[in-house]
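In: Have a look at this fold, sequence not included:
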């Protein structure tokens, strides 16, 4: 926004801060990867779309199980801490953590590198961790 400073007669330029925490270059790649995540997650019952920390996220019955990170190419997915290290050792190009996630029951997934079947499995496991037991039982009982 341009404002004239009446005391000096100079123009001052003010920049408005955006409400998004996602860099422009990441926002351009986000739809491509996020649409794949949504397509796989929508196969699970009662998945809700929302936001977490200003980025797209997935929940079941209000409980978080996955979110896109600000880079638009990394997915945070709930996971059992005991299994996480095995997964990262088996495929470190796809699954990793940062220091921030060391003590959290989550794994980071590189969306450009993950295979759809791997991603579907991670999403279902994360969904199972947070979904109500009755919902999981009904999902398992389907033909």
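Out: Looks like it came in fine. Computed from a predicted structure; not experimentally measured.
In: Lowest average confidence across helices and strands of this protein, where is it?
Out: strand 10-13 (a mean of 37; mean pLDDT, DSSP states H and E).
In: Using the three-state scheme, assign residue 51.
Out: What DSSP: H, G, I helix; E, B strand; the rest coil gives for residue 51 is strand.
In: The host helix or strand of residue 76 packs against which elements?
Out: Per DSSP states H and E: residue 76 is located in strand 74-78. Judged by 3 or more C-beta pairs under 8 Å, 6 or more residues apart in numbering; DSSP states H and E, the packing partners of strand 74-78 are strand 63-68, strand 106-110, helix 116-130. (Glycine included, C-beta is placed from N, CA and C.)
In: again, only this time at 10 Å
Out: Secondary-structure packing of strand 74-78 (3 or more C-beta pairs under 10 Å, 6 or more residues apart in numbering; DSSP states H and E): helix 24-41, strand 55-60, strand 63-68, strand 106-110, helix 116-130.
In: For the third one, what does the pLDDT average out to?
Out: Regarding strand 63-68, the rounded mean pLDDT is 97.
In: going forward can the numbers begin at 3, since that is how I track them
Out: All set: I'll call the first residue 3, so the last point we hit is now strand 65-70.
In: Mind listing what's buried along it?
Out: Using 16 or more other C-beta atoms under 10 Å as the test for burial, strand 65-70 gives 66, 67, 68, 69, 70.
In: I'd like these laid out as JSON lines, including distance to residue 91.
Out: JSON lines is the format used below for those (distance: C-beta to C-beta, whole Å):
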{"residue": "66", "distance to residue 91": "26"}
{"residue": "67", "distance to residue 91": "23"}
{"residue": "68", "distance to residue 91": "22"}
{"residue": "69", "distance to residue 91": "24"}
{"residue": "70", "distance to residue 91": "25"}
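In: Understood, closing this out.
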